[in-house]
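Undergrad: Dropping the sequence and predicted coords here.
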Amino acid sequence: MAANHKLTKPILADHMSPPPVSPPPASAEPMTPAVRLSGVGKVFGTAHAVREVTLDIRRNEFFSILGPSGCGKTTLMRMITGFEEPTEGSIELGGVPATGLPAHRRDLNMLFQSYALFPHLSVADNVAFELKVRKLRPKAEIPAAVDEALALVRLTGFRDRAVAQLSGGQRQRVAIARALIARPSLLLLDEPLGALDKKLRAEMQLELKKIQREVGVTFVTVTHDQEEALTMSDRIAVMNGGRVVQVDTPEGVYERPATRFVASFIGTSNFLTGTTDGTALAVPGLGTLPVPRTDLTGEAHLAVRPEHIRVCREESAIPAGRAALQGTLQQSVYLGSAVRHHLTLDDGSAFVAETHPADAAGPAPGGRAWAHWNPDASRVLAE
Amino acid sequence: MTVTAAPPAPATASPTAPASRSRLRHHGATLALLAPAGITVVALVLVPLALVVRNSFAAPDAYGGVQGGFTLANYRELIDPVYLKVFGYSLGMAALNTVVCLVLGYVVSYWLAGRPPQRQGILLLLIIVPFWTDFLVRTFAWINLLSPGGPVNALTDAVGLTDGPAQWIPSQGASFIGLVYAFLPTAIFPVYATLRGVDPSLGEAARDLGCGWWRVHTKVLLPLVRPGLLAAALLTFIPTLGVFVIPVLLGGGKNQLVGNLIVTLYTEFRNQPMGAAASVVLLALMILSVAVLGTAARRLRGKTS
């Protein structure tokens, strides 16, 4: 098995590599990021909510901050909006230091999770709120601007409604129109789809993306929903325990996770722990597996996505160059678009494979089986 | 009528007869249960009220009693500038007290609503406990606090605002402090209750959309707590009109409120019909202010919902 290496181009440390898909910066100053966080941290009493966050959010990109609840993503967003001041590090907005700048002086808007529409104002007055407060337009131009903003979110004709008369989805659209009417350079979205039902969520995912392209505003969403982040974002920052663990494209965080946390939080992964010499991983009790070439030596973890794994009964059926492990097939579950196989490896650990239903029938449940995959589809991780 | 049709007839008739009987019994029980409260209201509210109204149209006799008959003389006499001044002063004091209580009540409520939830309960208790304490006791407490050489005097001495014992009681200012102190909790409760129901992200949204500190309040929070402010205004303005203990104890009885006037007319002047007339006018003023504030509240509710 160990001899079956197929070496391809080495995979770099991904958060350092340029993303393969990214929109061209449309701004006149392509070098100034929309948001620059340098060593940003926040301590509440004795709790360290955010630690050493350093990252740039580019102009006009759809950026997501993704992480489980309590990972510090909301605190990070509130520091960008100015509702909280960082206790460490600094924040620049469009190249200008934002330290000490109150929320109402920042050229950004926020889409609140509860939408935070003013219940004492009509739809039109909610949408026009910022134009009136900041006196950005002559009074006579405001109705036209409101109509335009409502048209953007497809709510033409709703201007005289009361907020209480709107459905959840409509409220969110009004909140988007209100947040975008003054064309901020940055829109922060707090769990934008969290309160919507499943069907509406899928619709709004596409719509938010479309609106973002139309208005050319940098969008930063904060979410715990990996699917939401993957479908909408140009780039994703994955947070855990107050730190940003990886910043990459959706494809990058999925295919090339930087840590075991990322590999398990985004999609599902199988993990094997052993020692590596840079070309193979020796897993105690299971044998030695070929891995993509790595600079790591010593203890390391191998992450393999279930969909990259094939299952067969005979060792002779494994194509050359594949990493393979033997175990017992516990159960095969038909999911419609895939078949999920639950295996128990010889060291007792669980292993999951997903194959296409049209693939040749695998081994029978209860029998011995081989799980094999292309080594290049696996990832060697230090932590 | 056929034989087969006969049996269902009593079956349908029998439930209705007991039903009407049980409804009667039900009515009887309702009346019996309402009786204690009803008798209390009639005996202690409606009868005295009717007596007061009746007496306000009667003529006084020379010994502090009531002579009967019907006259408008008592009301005509109330138009005298001496009495009108008392009514005007009362309305002004009540209005001023209401405004001060509303401003302080809003500030305190806003501060309270921003505290951590566990602490809000304790802080609220600190407001409620004095509120439950007897009105008279609280007013006497202020006599001690404001007396020459009392704690407030000691403080102003220490800061250098005064030099030696200061005579603050009786004065109009002390009387006003007493009024504000007495009615501040009643102003805080409704405002705080309304403010706590306001989504905190609305204030943040206002800041996010360009409102500085002042406009967060004027454009968003104050309009949203307006129902609470109206309730607070009602609960402060109307009772202030009837207050009589505070001006006596802290104001020295020099600047009288309607409440003091009524007491004086009944006890010192021994003119029951005049006192009754003043009471009826006060009652009318109160009902009028309830109507005005109530209409404002209703119009507001119609606009927001």
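TA: Nice, thanks for sending it over. Numbers count the residues shown, from 1 in each chain, chains lettered A, B, ... in the order given.
Undergrad: And for the closest residue to residue B:234 other than its chain neighbours, the neighbour number?
TA: Nearest non-adjacent residue to residue B:234, counting by Cβ to Cβ, 6 or more residues apart in numbering or on different chains: residue B:293, 4.9 Å away. C-beta here means a position set from N, CA and C on the backbone, and glycine is covered the same way. A count of nearby residues for residue B:293, using other Cβ atoms under 10 Å in any protein chain shown, gives 17.
Undergrad: Next one, pLDDT for residue B:293 please.
TA: For residue B:293, the pLDDT comes out at 85.
Undergrad: Could you look up the SS state of it?
TA: helix (DSSP: H, G, I helix; E, B strand; the rest coil).
Undergrad: In contact with the residue in the stretch 1-150 of chain B that chain A sits nearest to, which residues?
TA: Residue nearest to chain A within the stretch 1-150 of chain B: residue B:116 (11.4 Å; Cβ to the nearest Cβ). Contact analysis of residue B:116 by Cβ atoms under 8 Å, 6 or more residues apart in numbering or on different chains lists nothing.
Undergrad: Residue of chain A nearest chain B, please.
TA: Closest point on chain A to chain B, by Cβ to the nearest Cβ, is residue A:116, at 3.8 Å.
Undergrad: Around chain A, which positions in chain B sit nearby?
TA: With Cβ under 8 Å from any Cβ of the partner chain as the criterion, chain B meets chain A at residues B:199, B:201-202, B:204-212, B:215, B:219-220, B:223-224, B:303-305.
Undergrad: By neighbour count, sort out the buried ones in the residues you listed.
TA: Buried by 16 or more other Cβ atoms under 10 Å in any protein chain shown: B:199, B:201-202, B:204-211, B:215, B:219-220, B:223-224, out of these.
Undergrad: before we move on, the earlier item: now, the residues of chain B next to chain A that are in strands?
TA: Among the residues of chain B next to chain A, no member falls in strands (criterion: DSSP state E).
Undergrad: Distance check, the residue lying closest to residue A:134 once chain neighbours are set aside against residue A:107.
TA: Nearest residue to residue A:134 in three dimensions, chain neighbours excluded: residue B:210, at 4.3 Å (Cβ to Cβ, 6+ apart). For residue B:210, the distance to residue A:107 (Cβ to Cβ, to the nearest Å) stands at 10 Å.
Undergrad: Next up, the contacts around the residue of the stretch 151-300 of chain B found nearest chain A.
TA: Residue of the stretch 151-300 of chain B nearest chain A, by Cβ to the nearest Cβ: residue B:205 (3.8 Å). Residues in contact with residue B:205 (Cβ under 8 Å, 6+ apart) are A:110, A:112, A:116, A:118, B:220.
Undergrad: Just the pLDDT for it.
TA: At residue B:205, pLDDT is 95.
Undergrad: any idea which helix or strand carries residue B:230?
TA: helix B:226-242 (DSSP states H and E).
Undergrad: Using CSV, write down the CA coordinates of that helix.
TA: The C-alpha atoms that make up helix B:226-242 are tabulated as CSV, following Å, rounded to 0.1, in the frame of the first residue of the first chain:
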residue,chain,number,x,y,z
ARG,B,226,-44.9,57.6,23.8
PRO,B,227,-47.7,55.3,25.1
GLY,B,228,-45.7,54.7,28.3
LEU,B,229,-45.1,58.5,28.6
LEU,B,230,-48.8,59.2,28.2
ALA,B,231,-49.7,56.7,30.9
ALA,B,232,-47.0,58.2,33.2
ALA,B,233,-48.4,61.7,32.5
LEU,B,234,-51.9,60.6,33.5
LEU,B,235,-50.7,58.9,36.6
THR,B,236,-48.7,61.9,37.7
PHE,B,237,-50.8,64.9,36.6
ILE,B,238,-54.1,63.8,38.1
PRO,B,239,-53.0,62.8,41.6
THR,B,240,-50.8,65.9,41.9
LEU,B,241,-54.0,68.0,41.5
GLY,B,242,-55.4,66.5,44.7
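Undergrad: Could you identify the helix or strand that succeeds it?
TA: helix B:245-249.
Undergrad: how about low-confidence regions in the chain?
TA: Picked chain A for this. A:1-30, A:360-361 (pLDDT under 70).
Undergrad: other chain: chain B
TA: In chain B (pLDDT under 70), the answer is B:1-21, B:301-305.
Undergrad: again, 80 this time
TA: B:1-25, B:62, B:64, B:68, B:164-166, B:252-255, B:297, B:300-305 (pLDDT under 80).
Undergrad: Run through the residues of chain A sitting next to chain B.
TA: A:81-83, A:102-104, A:108-110, A:112-114, A:116, A:118-120, A:129-130, A:133-134, A:162, A:164, A:178, A:182.
Undergrad: Return the closest of the contacts of residue B:205 with respect to residue B:176.
TA: Residue B:176 has its nearest neighbour among those in residue B:220, at 31.7 Å by Cβ to Cβ.
Undergrad: shouldn't that closest one be in contact with residue A:118?
TA: Yes. Counting by Cβ atoms under 8 Å, residue A:118 is a contact partner of residue B:220 at 6.0 Å.
Undergrad: which residues are common contacts for the two?
TA: Common neighbours of residue B:220 and residue A:118 (criterion: Cβ under 8 Å, 6+ apart): B:202, B:205, B:206.
Undergrad: Sitting in helices, which of these do you find?
TA: In helices, defined here by DSSP state H, the members of the shared contacts of residue B:220 and residue A:118 are B:202, B:205, B:206.
Undergrad: Verify the stated contact: the last one with residue B:214.
TA: No. Between residue B:206 and residue B:214 there is no contact, the gap being 10.8 Å when judged by Cβ under 8 Å.
Undergrad: For the contacts of residue B:205, give me CSV that also has secondary structure.
TA: Converted to CSV, the contacts of residue B:205 look like this (three-state DSSP):
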residue, secondary structure
A:110, strand
A:112, coil
A:116, coil
A:118, coil
B:220, helix
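Undergrad: Just the buried ones among those, please.
TA: A:110, A:112, A:116, A:118, B:220.
Undergrad: okay if I get the residues you listed as a markdown table plus distance to residue B:278?
TA: Below are those laid out as a markdown table (distance: Cβ to Cβ, whole Å):
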| residue | distance to residue B:278 |
| --- | --- |
| A:110 | 58 |
| A:112 | 55 |
| A:116 | 52 |
| A:118 | 46 |
| B:220 | 44 |
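Undergrad: quick one: the residue of the stretch 151-300 of chain B closest to chain A from residue B:99, how far?
TA: 29 Å.
Undergrad: Residue B:55 too?
TA: Distance from residue B:55 to residue B:99, by Cβ to Cβ: 35 Å.
Undergrad: between those two, who's got more neighbours?
TA: Neighbour comparison, residue B:55 and residue B:99: the larger count goes to residue B:55, with 22 against 13 (by other Cβ under 10 Å).
Undergrad: so which helix or strand takes in the more buried one?
TA: helix B:47-56.
Undergrad: packing partners for the helix or strand following that helix?
TA: Downstream of helix B:47-56, the first helix or strand assigned by DSSP H and E is helix B:73-78. Applying 3 or more Cβ pairs under 8 Å, 6 or more residues apart in numbering or on different chains; DSSP states H and E, we find helix B:73-78 packed against helix B:272-304.
Undergrad: orientation of the helix holding residue B:230 relative to helix B:272-304 in degrees?
TA: 170 degrees (axes from the mean of the first three to the mean of the last three Cα atoms, to 10 degrees).
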